[in-house]
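Colleague: Please find the sequence and the predicted model below.
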Protein chains: 2
Amino acid sequence: MPSFPKGAFPVVGILGGGQLARMTALAAIRMGFEVRFLLPEASGPVQGLGQSFIGDWTDAGMLRDFGAVCAVVTAESEWAPVKEAETALQGRVPVRPSSFTLDIVRHKGRQKTWLRDAGLPVPRFVCCATLEEAITEADHFGYPVLAKKYTHAYDGYGNATVRSADELREAWERLAAEDGLLIEAFVSFQRELSVLVARRPEGAHVIYPVADTEQRNHRCYAVEVPSCIEDTEADEARRIGLAAVEAVQGTGLIAVELFHTEDGDILINELAPRPHNTGHYSIEGSYTSQFENHVRAVLDLPLGNPELCTPVAIMVNVFGKRDGTASSAGLDEALAVPGVAVHVYGKPNVRMHRKMGHVTVTGNDRAVARRLAETSAAHLRL
Amino acid sequence: MPSFPKGAFPVVGILGGGQLARMTALAAIRMGFEVRFLLPEASGPVQGLGQSFIGDWTDAGMLRDFGAVCAVVTAESEWAPVKEAETALQGRVPVRPSSFTLDIVRHKGRQKTWLRDAGLPVPRFVCCATLEEAITEADHFGYPVLAKKYTHAYDGYGNATVRSADELREAWERLAAEDGLLIEAFVSFQRELSVLVARRPEGAHVIYPVADTEQRNHRCYAVEVPSCIEDTEADEARRIGLAAVEAVQGTGLIAVELFHTEDGDILINELAPRPHNTGHYSIEGSYTSQFENHVRAVLDLPLGNPELCTPVAIMVNVFGKRDGTASSAGLDEALAVPGVAVHVYGKPNVRMHRKMGHVTVTGNDRAVARRLAETSAAHLRL
């Protein structure tokens, strides 16, 4: 049963105002829902969409004002103040995903321990409380190892591949928190994969096809769907993805990033409890996009078909190539590439490596679609 | 060349605030453009999207304020004050489509005469200045004939099928203006078709596949693409559609409604110089939707691929079934139908027969898609 009164059109409250909030809002609006945002400062991507509440988003009064008319409050980031929202709204308005899920996911040590304890395949790792322990464990794994900051790491910020005890000392200085640092055995992988799951509060779910994801400089560069792995491996990846989401009691859209190792194993890299960059292709590529299914899931409405509506979908990110004011230079050339869907996130300021937009191409031929998407994306200066 | 300064992200001004403005805005926003609306009173469909200027939209000062930061001003309806916008903005901001196009299109007598004079196939018709003339011409055509109000007719309002001189007298009373009434020979058609053309100011264009359109009670009930007509007939329909758009120097998206007669001829029924109900399928069904191509065309940007990205697309309209406040009753059931894209226009009030939303289904099987779309649409109460 949906979580809003029969008859009323629901208002979806979103904590956050980046491109994920933007694309979630566009999906919600299409179905006739209203959207509102709560965020600490004004944000380009949601400007001109719904109503923005700007202020201290951890403040109980602010959260109550914001949530008052909402059918549900959701978050575009695992760092949004979901616990504070739950406390302020006291169950009168559901908050999805829950702080239970986010508390597990947003601490890398807790997340990996939780998944391992649930019997799920993860790389070998140890949560190290001290540098001495880290050095011992790294020796045990054998260098190189990965040193991972427990919280607030993204797009490679907060992770280091270390090749010696000296490098580990340096990484510890930079990345360790009071509770230490995660040391993880290096995984030789053939490819990185992503599985998206949309899950309703009572557990009904849909699983998207496995996607091949390609990182450059620790950032998602391109996504190709369907994955090139074998069908049995894809089934295994989807099985693991769903089990991981169920293990953390995820609600809404959750992305599961996976490694397909040299040995052919599937290991969980990490979870993202929200619509995810590796699912942007689904706006054009799937019958129901990750954003629409996120909205449906958090409102406890029936989920849509996650299957591809096209033989192949390719998504290429557009990153900032400089620091300054965003520009439409190159847009003409980007749109002239046949068959492209160009998405620009409305960020007024560009920074080096900042995610500014993406381009999706669907079609029959993977190589052709890839070339078109890359050509179009390369034209965009933003 | 686009009509906005290199570097800046354009603001698209839209005269009007109904569902066509709404869906145009959603397409523009996705590409990173800002939108603003000018309309005589607040409107649900564009609430929460861009900035609405509410007031006398024929007022020169209002139009200047509205247009000041726009890269282009467009209109969601042939009845919007485009002439006034051109006068107020004095060429500093392009207005597309132009009043030249709209002056022809929005008067049915002028439109049909213009198209006939351009050598294009239209049903036999006469612009009648007096009732006596109308009776003579109707006798000449043979009853039944169609009596059509010259202006402000839509969804069957303003048209009458008359079977006798008495009925014609009655229709004249109701529909004739100072310059009279259009009398048109009744066309026996196999089916009604629609061809959408997106055209840039210098004439570059794309033509969408021919659609089969189905009217019930003079309203668009369903659209199926591609049309079931023969390829040679489809080519002819597209050729005529483009020629009609060129004859009126249309810019932006223009829909050409056609008859496929019992004799196998293609005749133009009428033009709609804007995104059109018969093109809503293109949001999911085409590589580039009619709304996106409208935005690209009026901004003089390269046009996107109008071809279907799916074997078949079916669109079914959702009409108001009562008078009152819009409701989400039935939404749960509507979304539970597999593979549907549900569009709800955000109109706070429902009226009998009012267009409240639509449902699109894409897939491989026409009959299956049709059944799913109709089933979903029937669940929506709105």
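Modeller: Yep, that arrived.
Colleague: low pLDDT regions in the stretch 151-300 of chain A?
Modeller: Of all residues in the stretch 151-300 of chain A, none has pLDDT under 70.
Colleague: so who does the residue in it that chain B sits nearest to touch?
Modeller: Taking CB to the nearest CB, chain B has its nearest neighbour within the stretch 151-300 of chain A at A:Tyr287, 4.9 Å off. (Each C-beta comes from the backbone N, C-alpha and C, glycine too.) Contact analysis of A:Tyr287 by CB atoms under 8 Å, 6 or more residues apart in numbering or on different chains lists A:Gly304, A:Asn305, A:Pro306, A:Glu307, A:Cys309, B:Gly339, B:Ala341, B:Thr362.
Colleague: three-state assignment of A:Ala171?
Modeller: What DSSP: H, G, I helix; E, B strand; the rest coil gives for A:Ala171 is helix.
Colleague: do A:Thr375 as well
Modeller: Secondary structure assignment for A:Thr375 (three-state DSSP): helix.
Colleague: per-residue pLDDT, it?
Modeller: The per-residue pLDDT reported for A:Thr375 equals 98.
Colleague: State the distance from it to chain B.
Modeller: Distance of A:Thr375 to chain B, computed by CB to the nearest CB, to the nearest Å: 13 Å.
Colleague: So that residue sits against A:Val337, correct?
Modeller: Yes - the criterion here is CB atoms under 8 Å, and A:Thr375 meets it with A:Val337 at 5.2 Å.
Colleague: Tell me which of the two has more neighbours.
Modeller: Taking other CB atoms under 10 Å in any protein chain shown, A:Thr375 and A:Val337 do not tie; A:Val337 has more neighbours (21 against 18).
Colleague: Now A:Arg366: closest residue in space that isn't a chain neighbour?
Modeller: Counting by CB to CB, 6 or more residues apart in numbering or on different chains, A:Arg366 lies nearest to A:Val312, which is 4.9 Å off, once chain neighbours are set aside.
Colleague: Dig out what the one you found forms beta bridges with.
Modeller: Under DSSP bridges, the beta-bridge partners of A:Val312 are A:Gly363.
Colleague: Then the one 5 residues further on?
Modeller: Under the criterion DSSP bridges, A:Asn317 forms beta bridges with A:His358.
Colleague: Report the contact partners of it.
Modeller: Contacts for A:Asn317 were tallied using CB under 8 Å, 6+ apart; they are A:Arg219, A:Cys220, A:Tyr221, A:Ala222, A:Asn277, A:Lys355, A:Gly357, A:His358, A:Ala377.
Colleague: any idea how far it is from B:Ser43?
Modeller: Distance from A:Asn317 to B:Ser43, counting by CB to CB, to the nearest Å: 36 Å.
Colleague: ok, now A:Gly285?
Modeller: For A:Gly285, the distance to B:Ser43 - CB to CB - is 33 Å.
Colleague: ditto for A:Phe66
Modeller: A:Phe66 is 25 Å from B:Ser43, by CB to CB.
Colleague: For these two, work out which one has more neighbours and name it.
Modeller: Using other CB under 10 Å, the more surrounded residue of A:Phe66 and B:Ser43 is A:Phe66, with 26 against 21.
Colleague: who touches the helix or strand containing A:Thr232?
Modeller: Taking DSSP states H and E as the definition, A:Thr232 sits inside helix A:231-247. Helix A:231-247 has contacts (CB under 8 Å, 6+ apart) with A:114-115, A:118, A:120-121, A:193, A:195-197, A:199, A:203, A:205, A:207, A:209-210, A:226-227, A:229, A:254, A:256, A:258, A:260, A:264, A:266, A:268, A:271.
Colleague: who's in contact with whichever residue of the stretch 1-150 of chain A sits closest to chain B?
Modeller: Nearest residue of the stretch 1-150 of chain A to chain B: A:Gly32, at 2.6 Å (CB to the nearest CB). A:Gly32 sits next to A:Phe9, B:Ser328, B:Leu331, B:His343, B:Val344, B:Tyr345, B:Gly346, B:Gly357 when contact means CB under 8 Å, 6+ apart.
Colleague: biggest separation within the contacts of A:Tyr287, which pair?
Modeller: For the contacts of A:Tyr287, the farthest-apart pair by CB to CB is A:Pro306 and B:Thr362; their separation is 14.6 Å.
Colleague: Show me which of these two is the more surrounded one.
Modeller: A count of neighbours by other CB under 10 Å puts B:Thr362 above the other of A:Pro306 and B:Thr362, at 25 against 22.
Colleague: Buried residues of stretch A:202-212, list them for me.
Modeller: Residues of stretch A:202-212 classed as buried by neighbour count (16 or more other CB atoms under 10 Å in any protein chain shown): A:His205, A:Val206, A:Ile207, A:Tyr208, A:Pro209, A:Val210, A:Ala211, A:Asp212.
Colleague: ok, and the closest non-adjacent residue to the residue in the stretch 201-350 of chain A positioned nearest to chain B?
Modeller: As assessed by CB to the nearest CB, chain B sits closest to A:Val344 within the stretch 201-350 of chain A, at 2.6 Å. Nearest residue to A:Val344 in three dimensions, chain neighbours excluded: B:Gly32, at 2.6 Å (CB to CB, 6+ apart).
Colleague: mind checking the SS state of the one you found?
Modeller: Classification of B:Gly32 using three-state DSSP returns coil.
Colleague: Over to A:Val197?
Modeller: Following three-state DSSP, A:Val197 is assigned to strand.
Colleague: Would you state the helices of the stretch 51-200 of chain A in chain order?
Modeller: For the stretch 51-200 of chain A, the helices defined by DSSP state H, counting those that start in this stretch occupy A:60-67, A:82-89, A:99-105, A:108-117, A:131-141, A:165-175.
Colleague: Let's have the ones you listed in CSV, adding distance to B:Val162.
Modeller: As requested, the helices of the stretch 51-200 of chain A are exported to CSV (distance: least, CB to CB, whole Å):
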stretch, distance to B:Val162
helix A:60-67, 59
helix A:82-89, 62
helix A:99-105, 67
helix A:108-117, 74
helix A:131-141, 88
helix A:165-175, 83
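Colleague: Phi, psi for the spatially closest residue to A:Thr362 that is not a sequence neighbour please.
Modeller: Using CB to CB, 6+ apart and skipping the chain neighbours, the partner closest in space to A:Thr362 is A:Thr310 (3.9 Å). A:Thr310 has phi and psi values of phi -150, psi 150 when expressed as degrees, to the nearest 10.
Colleague: check contacts around A:Thr310.
Modeller: Applying CB under 8 Å, 6+ apart, the residues near A:Thr310 are A:Glu284, A:Gly285, A:Thr362, A:Gly363, B:Cys309, B:Thr310.
Colleague: The last one and B:Val342, how far apart?
Modeller: B:Thr310 is 17 Å from B:Val342, where distance means CB to CB.
Colleague: now swap in the third one and tell me
Modeller: Counting by CB to CB, the separation of A:Thr362 from B:Val342 is 21 Å.
Colleague: tell me the contacts of the most centrally placed residue in chain A?
Modeller: The structure's chain A has its C-alpha centroid closest to A:His276; by CA atoms, centre = their mean the separation is 3.0 Å. A:His276 makes contact with A:Ser194, A:Leu196, A:Leu253, A:Ala255, A:Gln290 under the criterion CB under 8 Å, 6+ apart.
Colleague: Restricted to strands, list those.
Modeller: A:Ser194, A:Leu196, A:Leu253, A:Ala255 (DSSP state E).
Colleague: Need the contacts of A:Asn317 in a markdown table (columns: neighbour count).
Modeller: Supplementary listing: the contacts of A:Asn317 in a markdown table, determined by neighbours: other CB atoms under 10 Å in any protein chain shown:
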| residue | neighbour count |
| --- | --- |
| A:Arg219 | 16 |
| A:Cys220 | 23 |
| A:Tyr221 | 17 |
| A:Ala222 | 21 |
| A:Asn277 | 21 |
| A:Lys355 | 19 |
| A:Gly357 | 26 |
| A:His358 | 27 |
| A:Ala377 | 26 |
